[in-house]
Structures are given as structure tokens and as C-alpha cells.
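Visitor: Turn this into a model:
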Amino acid sequence: MNRSKLMGATALASVMAAGAAQAEMSISGYFAGTLTDNDGGGLASTFSTNSVYVSYSDAMDNGMGVGLTMSITAAGIKTDVNFDTGMGTIGLGIGQDSAVDGNDSNPACFSLVNCWNVAFSGKGGGTGVYDDGDAPSGNSIAYSNSLGGVSFKVTRGMESATTDPVMSYAAKTSIMGASIAAGVSQIDYKAAATADKDPNFMTVGYSIAGLNLGYAVYDSDDGSEETHMGVGTSVAGMDVGVQFADRDFTTDTDYMRVSVNKGMGAASFGVDYLETDEAGGSANDTDKWVFNYVVGF
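Guide: Numbers count the residues shown, from 1 in each chain. A predicted model of the protein is given here:
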């Protein structure tokens, strides 16, 4: 190698080393599966999460931070890009959640796996079902910041063949030890025959004397509202919790879920018992047992 090439290679190596010293990169994975006894319907095996996550963060020449996260799932690859401007964070990419979806977790739920749906009726929309605004938003543009102890996020979805751009707003704060979050999505449909709706949520979580207390309301804004209350604690090295919910709809439904979970390092295991009691008789009442397991790295 001649002198000029040697100097060039040395300089390039120095630049790459400096960049590597400033940048951070990580990889992680997560699998959450269930075995369910469907009240006489036989045993079913499913999974709720099967993912690999790659994240990278660095600083640009102007001092602003930039972060990139890629999630690889059975549904495909989603990428989020976030720019820390110093006056809030701007989020772009095909994996940006709606503001509500990122903030509406249920503090009254203590299941190891089955809290992702937040409401027992679901969160994907449809008649009488709470909608977190994520699916109709498509690929959102996001802005998040924190002011005066209040963290907030605003997202704007993309226009589709069926909806105008979905606006989603969420905020959370802490008051006297209680964690409070609330949000709303504005979903306006292009077809006059489909009514616009503003599904919304509000949650409160509080811990006292070893007890974790949770309260949540999920309103679909088309006739359905679910109210949740729950309490959890630790007993004999295990996490236990009880959750109660009432759904007001065409047919009212009461729910009760008892959860027992045990963390064992790289893997965690849990058992849920879910009782569903529909008003107007016992024909649709169910009792379900679910065995949950999670492995992550």
C-alpha cells in the first residue's frame, strides 16, 4: 500500500471509530405465546408477539438526535425514524403508532400476555368496539414533547380511500402519585352513510402499600363503553392480580380475570382465568383458562 492510500485508510478508520463511539445500536427479540382452553371448545395455541427489534441512535451534524427502530414480525418489517429537535420529537416512518395507541395501556390489567387488547371487546374498531385509531391512521406523522410535567403526543394519519386523515391526541401526567392518561382519535369517514366517531380513553394507575390499583374507561363513541377496575400485588414471589370490567352496549357484559404470573429470568410464565357473563341469560357465558409464556432477549 502506498503512502497516500495508507493515510486515506487511516483517516477513514478514525472517522468510523469516532462515529461508532457516538452511536448506539441494540438488538432484541420477544415471543409471547398462549395455550387456551376455550370453555369446552378444545385447546388452542396462539401467539400475540413474535418479533425482532433493531434500534440505532446517533447525533446529526447540527446536534439534533436521530433514532431508528426496525421491528421484524410475522406481518413484515416496520421502521420508525425519530428526530429529537430539542423542542420535541418528530416521528416518521411506516411503524408510527397513533398517539392513542401508544398511550392507552390498561393499568387495571395484570395478565402476562393478554393486556395488549386493552378492552375485552378489542381495540381494532368495528361496531361497538373501541378503536385506538392506529389502523385507520396508516403511516402517521407524529410530534411528542413534555411540558410542565405533562407528556403529550399528536399524530396525523394519511388520507385513505375510506377516511380523511385521522388526528389522534394523547397526554399523560402524574398527580399526587397517580399516573393519569387520556386521549382521543378523530376518525372521519368519506361515505356519508358511515358516521364519524371520536373514540376516547382515560386511565388512572396508583400504587400504595404494595398494591397496584388501576382504573380505565374505553369509549368507542358508537354505543359501547367499557369500565375497568383492578388490583394487583406480589405474593410468595409471584405477581397476582384481579380485573373487573363492565361493558355497556346493546347487550351488557361483565368480565372478571384473575392472573398469576412468575418471572424466571429469560422466561416468564402466567395463568389467566377469564369469566364472561352476558346479560339476558347464560347461553353466551364463558369460563376460559389461558396459560401464557414469554421468552425474550
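Visitor: Where does pLDDT dip in this protein?
Guide: Low-confidence segments of the chain (pLDDT under 70): 1-22, 40.
Visitor: separation between the residue nearest the centre of it and Gln96?
Guide: Geometric centre of the chain, nearest residue: Gly102, 5.1 Å, by CA atoms, centre = their mean. According to CB to CB, to the nearest Å, Gly102 stands 9 Å off from Gln96. For glycine as for every other residue, the C-beta is placed from the backbone atoms N, C-alpha and C.
Visitor: ok, now Gly210?
Guide: Counting by CB to CB, the gap from Gly210 to Gln96 is 37 Å.
Visitor: who has more neighbours, these two?
Guide: Neighbour count, other CB atoms under 10 Å: between Gly210 and Gln96, Gln96 has more, with 25 against 9.
Visitor: how long is stretch 33-41 end to end?
Guide: Stretch 33-41 has an end-to-end distance of 19 Å (CA to CA, to the nearest Å).
Visitor: Can you name the residues bridging to Ile296?
Guide: If you look again at residue 296, you'll see it is Gly, not Ile. Beta bridges link Gly296 to Tyr30, judged by DSSP bridges.
Visitor: State the number of residues packed around it.
Guide: Neighbours of Gly296 under the rule other CB under 10 Å: 14.
Visitor: With adjacent residues omitted, what lies nearest to Ile141?
Guide: In space, and not counting its chain neighbours, Ile141 is closest to Arg156: 5.0 Å by CB to CB, 6 or more residues apart in numbering.
Visitor: residue contacts, the one you found?
Guide: Contacts for Arg156 (CB atoms under 8 Å, 6 or more residues apart in numbering) come out as Ser137, Ser140, Ile141, Pro165, Val166, Met167.
Visitor: Settle this for me: Gly230 is touching Val242, isn't it.
Guide: Yes - counting by CB atoms under 8 Å, Gly230 touches Val242, with 6.2 Å between them.
Visitor: any shared contact partners between the two?
Guide: Overlap of the contact sets of Gly230 and Val242 (by CB under 8 Å, 6+ apart) consists of Phe110.
Visitor: for the stretch 101-250 of the chain, what spans make up the helices?
Guide: Using DSSP state H, counting those that start in this stretch, the helices of the stretch 101-250 of the chain run over 134-137.
Visitor: on that earlier part again, out of the contacts of Arg156, give me the one that has the most neighbours.
Guide: Ser137 (28 neighbours).
Visitor: any idea how far it lies from Ser160?
Guide: Counting by CB to CB, the gap from Ser137 to Ser160 is 9 Å.
Visitor: again, but for Thr233
Guide: From Thr233 to Ser160 the distance is 45 Å (CB to CB).
Visitor: And for Tyr206?
Guide: 39 Å.
Visitor: Could you do Ile187 as well?
Guide: 11 Å.
Visitor: Mutual contacts of the two, please.
Guide: With contacts taken as CB under 8 Å, 6+ apart, Ile187 and Ser160 have Pro136 as neighbours in common.
Visitor: Could you report the neighbour count for Asn106?
Guide: Other residues close to Asn106 by other CB under 10 Å number 26.
Visitor: Run the chain-centre distance for the lengthiest strand in the chain.
Guide: Assignment by DSSP state E gives strand 43-59 as the longest strand of the chain. Computed by CA atoms, centre = their mean, to the nearest Å, the chain-centroid distance of strand 43-59 equals 12 Å.
Visitor: cool, stretch 67-81 as well?
Guide: 15 Å.
Visitor: repeat for stretch 166-185
Guide: The answer for stretch 166-185 is 14 Å, by CA atoms, centre = their mean.
Visitor: Enumerate the positions of that stretch that are buried.
Guide: Buried residues in stretch 166-185, counting neighbours by 16 or more other CB atoms under 10 Å, are found at 166-172, 180-185.
Visitor: try stretch 78-89
Guide: Lys78, Asp80, Val81, Asn82, Asp84, Gly88, Thr89.
Visitor: Let's have those residues in TSV, adding secondary structure and distance to Val290.
Guide: Listed next are the buried residues of stretch 78-89 as TSV, based on DSSP: H, G, I helix; E, B strand; the rest coil; distance: CB to CB, whole Å:
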residue	secondary structure	distance to Val290
Lys78	strand	27
Asp80	strand	30
Val81	strand	36
Asn82	strand	35
Asp84	strand	40
Gly88	coil	40
Thr89	strand	37
